[in-house]
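Trainee: okay, sequence plus prediction incoming.
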Amino acid sequence: MNYLSHQLLNTEEINLIRRELDKYSQDWEDGKKTAGTHASKVKNNMQLKRESEISKKFTKFIINKLNGDQLIKSFSLTKKIHGTIFTKSKKGMYYGRHVDNTFMSSGRADLSFTVFLSDIDTYEGGELIIEDINSQNNFKLSAGQILIYPSTYLHSVQEVTKGERLVLIGWIESYVKSIEEREYLFDLDAGARGILAKNGRSDELDLIFKSYSNLLRVLGD
């Protein structure tokens, strides 16, 4: 499966976000309000109103973290981060099997992401399940970690049986639509950066970086 898990937020940042969100209980609403026709039938969670000041503040903060992270930029080839929303699931809540819309009012969804904000031992259930053609993968990451995966995959969130699951979800419009092409470019970039770190610049490495840039120019939109 083509996905990336990565530590995005530190403990201080996580605690600040959770502490501030707890003060705005009046700004949470039924998650069905932003679901499509099919998704609304299987969606049972709560979400922070996008137009609320607290949502705008911390959405901007996390997007800045995403845009400043070199590994995420290399993996996603980020053109636009959009549709971000804080969601929480209490006991008995879940999000059934669905696939994200390709085109949203905010942009095209090439990659989906989840930033986990709850400590892993404070809730039970709530695993993010992502289905590939021949496999199913369950994810329940530590607080502050992000999972990025193709929006083309069927996925769901298991019912929370204890505690509360708090996350930020969103989508990335990439300069490169193809999953396979993004993977090739990511491997090429990672390999070149590894060689650079070990051996420094060279004429041969300059050719690799040149080829990477020109491939991105050909494949990107």
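Mentor: Good, I have the coordinates.
Trainee: within the helices and strands, which one has the residue nearest in space to the middle of the chain?
Mentor: By Cα atoms, centre = their mean, the chain has its centre lying nearest to residue 113, at 1.4 Å. Assessed by DSSP states H and E, residue 113 sits inside strand 111-116.
Trainee: so what does that strand touch, helix or strand wise?
Mentor: Where contact means 3 or more Cβ pairs under 8 Å, 6 or more residues apart in numbering; DSSP states H and E, strand 111-116 is packed against strand 145-150, strand 165-174. C-betas here are computed from N, CA, C, even on glycine.
Trainee: deepest in the core, which of those is it.
Mentor: Ranked by mean neighbour count, these are led by strand 165-174 with a mean of 23 (mean count of other Cβ atoms under 10 Å).
Trainee: what's the angle from it to strand 111-116?
Mentor: Calculated by axes from the mean of the first three to the mean of the last three Cα atoms, to 10 degrees, strand 165-174 forms an angle of 150 degrees with strand 111-116.
Trainee: got a markdown table for the helices and strands packed on strand 111-116, with mean pLDDT and distance to residue 85 too?
Mentor: Output for the helices and strands packed on strand 111-116, formatted as a markdown table (pLDDT from 0 to 100; distance: least, Cβ to Cβ, whole Å):
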| stretch | mean pLDDT | distance to residue 85 |
| --- | --- | --- |
| strand 145-150 | 98 | 15 |
| strand 165-174 | 98 | 6 |
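Trainee: mind checking the backbone torsions on residue 157?
Mentor: When quoted as degrees, to the nearest 10, the phi and psi of residue 157 stand at phi -120, psi 120.
Trainee: from residue 195, how far out is residue 210?
Mentor: Going from residue 210 to residue 195 by Cβ to Cβ, to the nearest Å gives 14 Å.
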